[in-house]
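In: predicted coordinates and the sequence they were generated for:
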Amino acid sequence: MKIGIPKEIVPGETRVGMIPALISAYKRDNHEIFVEQGAGVAATFSDKAYEAAGATIVSDAKKLFEMADLIVKVQPPKNEEARLFREGCAYIGYLAPLANPDVVKTFAARKITGFSMEFVPRITRAQSMDALSSMATIAGYKAVLIASDRIGKMFPLLMTAAGTITPATVLILGAGVAGLQAIATAKRLGAKVEAFDPRPAVKEQVKSLGAAFIEMEMPADAETAGGYAKELSPEFIKKEMEAISARLPKVNVVISTAQVFGKRAPILMTADMVKLLPAGSVIVDLAAEQGGNCELTEADKTVEKHGVTIVGAVNLPATIPVDASNMYARNVQNLFKNIYPKPDSPIDFEDEVNKGACITRNGEIVNEMIKNAVK
Ligand code: NAD
C-alpha cells in the first residue's frame, strides 16, 4: 500500500502524522511511505530523516494525493484537499465530521474509506489508538505550564532566608484525561491542587494524584455507558457554580477542561465569578474551542478581565510538536494495524474499532449520527 503524508496546511499546526522512527515497521509489511517535502519540519523531522528511514519525499501535495492508497493527516482535510484525494483511497486522521459536512460529502462522493480519529471507540482495547486521550494528556500538561508562566507567583511552598513563600492554589474543573494530567503536573510543580468532576469514578482518581476533591452533592446520573459525562441539569450546574464560587477567592490558577460530547461546553464561571479571583490570577480554559467553561473566554486569545488573565487555549498539542507527533503517529499506527492486520487483507468492518472509526465507505456515510447531521 502507498501511504501518503501531506504537509499540514492549517495555520499553527506543527504536528505530522508519521515520524521517521515508525517507517521501518510499515516497510516490513511491504508498505511504501511517501512524505510531502517539509511535512515534518515544524516537528523537527527533516526530509533527510524521513529519507534515511526509507520514505520517498514528494515535492507537492497534489502529486502525493494522486498516488496515495491511504492518506494520513493530523488536521481534518479542507474540502479543496479532499477533492484532490484519489478516488477510492482511504483516509486516517482527525475528520471532525460534524464540523466538516462538506468534506464528509466529498469523501462519500469520491468513495473514500474515511476513518476519523475522534470516533475511535474509547474502549480498553483501543487505548493505544486513542488520539483524543494522548492529545488531551499533552494539553493538560501544557495548560499548567502556561498558567505558571503567566502568574506572578511561584507554585511551590518555599521556606527561604527571605521569607516563606506560600504555594499557589490550582483549581481543576473537569478531571478527565486532560484534567488528571493537569493535576499531576501542578502537583509536580508543588502547587496545592483541588479538583471537581461529576463522574463518580473520578473522586478516587483525583485523590490518588494527591489533590483534594471538592465535595458537593453529586448528580445521580452523570455518566453515559461510554464513560463520558452527560449534560447536567441547570439546577446541578447552579450548585456546582456555588461550590466553585466558594473556592475562587483562595485560588490563583483555574484550569478548566469540562466538556460534554457533542454539546457546547458547560459554563461553570460567569463574569461575576471571575471577579472573585484574587488579582493576578490566571484561568486557562481548555474548553475554549467548545465555547469555553468561562463566560469571558475568547478562543485562541488571551484576555485580561477584572485583573484576571484568561487564556482561551486552542490546539495546545501543536505547541509540543515533537512528542505530540510521536504520540499521534503511534495512535495512527496502532489503528492502521487494526484496520490492515496483514498487507492487502480486507478490512473487517464487524470489528468494533474499525466500524466505530469509519465514517464513509463504498460511497456512503456509514455513521448514522453523521449521516443524519449531514442531511
Ligand atoms: P471530555 O474531554 O469529554 O471531558 C472532560 C471532563 O469534563 C470529563 O472528565 C467530564 O466528566 C468533565 N465534565 C463534564 N461536565 C462537567 C461539569 N459540569 N463540571 C466539571 N466537569 C465536567 O472527557 P475525556 O477526558 O476525553 O474522557 C473522559 C473519560 O472517558 C476519561 O476520564 C475516562 O474515564 C473515559 N475514557 C476511557 C477510555 C478507555 O477506557 N479506553 C479512553 C478515554 C477516556
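Out: The structure has been received and is ready for your questions.
In: residue 39 reaches residue 6, doesn't it?
Out: Yes - with contact defined as Cβ atoms under 8 Å, residue 39 reaches residue 6; the gap is 6.4 Å. For the C-beta atoms, the positions are set from N, CA and C on the backbone; glycine is no exception.
In: most remote residue from the chain's center?
Out: Distance to the chain centre peaks in the chain at residue 161, reaching 43.1 Å (criterion: Cα atoms, centre = their mean).
In: next, give phi and psi for that one.
Out: Here the main-chain torsion angles of residue 161 (degrees, to the nearest 10) amount to phi -60, psi -20.
In: how near is it to residue 90?
Out: 64 Å (Cβ to Cβ, to the nearest Å).
In: again with residue 7
Out: Where residue 90 is concerned, residue 7 sits at a distance of 19 Å (Cβ to Cβ).
In: quick one: which of the two has more around it?
Out: residue 90 (24 against 18; other Cβ atoms under 10 Å).
In: tell me the residues of this structure that contact the ligand?
Out: Taking Cβ under 6 Å from any ligand atom as the measure of proximity, the chain contacts the ligand at 122-124, 127, 130, 132-133, 136, 173-179, 196-199, 227-229, 232, 240, 257-261, 266, 268.
In: so who does residue 200 touch?
Out: Applying Cβ atoms under 8 Å, 6 or more residues apart in numbering, we find residue 200 in contact with 218, 222-223.
In: cool, residue 237 as well?
Out: 266-268.
In: so what's the residue count around the residue of the chain with the smallest separation from the ligand?
Out: The chain approaches the ligand most closely through residue 176 (2.1 Å), counting by Cβ to the nearest ligand atom. Number of residues near residue 176 (other Cβ under 10 Å) recorded here: 22.
In: one more: the one 10 residues further on?
Out: Burial of residue 186 is recorded as 32 neighbouring residues (other Cβ under 10 Å).
In: one more: residue 172?
Out: Using other Cβ under 10 Å: residue 172 sits among 31 other residues.
In: now it. Nearest residue, chain neighbours left out?
Out: The spatially closest residue to residue 172, leaving aside those adjacent along the chain, is residue 195, at 4.0 Å (Cβ to Cβ, 6 or more residues apart in numbering).
In: now for the one you found: which residues touch it?
Out: Applying Cβ under 8 Å, 6+ apart, we find residue 195 in contact with 171-173, 175, 179, 183, 202, 206, 211-214.
In: what's the closest of the residues you listed to residue 336?
Out: Using Cβ to Cβ, residue 179 comes nearest to residue 336 of the contacts of residue 195, at 29.5 Å.
In: quick one: the closest one is in a strand?
Out: No - read with DSSP: H, G, I helix; E, B strand; the rest coil, residue 179 is helix and lies in no strand.
In: which one of the contacts of residue 200 has the most neighbours?
Out: In those, the most neighbours by other Cβ under 10 Å go to residue 222, 18 neighbours.
In: does residue 3 touch residue 68 like I think?
Out: Yes - counting by Cβ under 8 Å, residue 68 is a contact partner of residue 3 at 6.6 Å.
In: overlap in contacts, these two.
Out: residue 34.
In: could you check the pLDDT of the closest residue to residue 301 other than its chain neighbours?
Out: Among residues not flanking residue 301 along the chain, residue 312 sits closest, at 5.1 Å (Cβ to Cβ, 6+ apart). The model reports residue 312 with a pLDDT of 98.
In: tally up the residues packed near residue 312, please.
Out: 21.
In: report the beta-bridge partner residues of it.
Out: Note on residue 312: beta-bridge partners residue 285, judged by DSSP bridges.
In: how much space between residue 34 and residue 179?
Out: 39 Å.
In: show me which of the two is the more surrounded one.
Out: In this view residue 34 and residue 179 are compared by other Cβ under 10 Å, and residue 179 has more residues nearby, 28 against 21.
In: the helices in the stretch 201-350 of the chain, which residues?
Out: 202-208, 234-247, 271-274, 321-339 (DSSP state H, counting those that start in this stretch).
In: tell me if I'm right that residue 5 and residue 37 touch.
Out: No - counting by Cβ under 8 Å, residue 5 does not reach residue 37; the two are 10.8 Å apart.
In: more neighbours, these two?
Out: residue 5 (28 against 15).
In: domain parsing for this structure?
Out: With domains defined by automatic domain parsing, the chain comprises 2-129+320-374, 136-319.
In: first vs last residue of the first one, how far apart are they?
Out: What it means is domain 2-129+320-374. Using Cα to Cα, to the nearest Å, one end of domain 2-129+320-374 lies 30 Å from the other.
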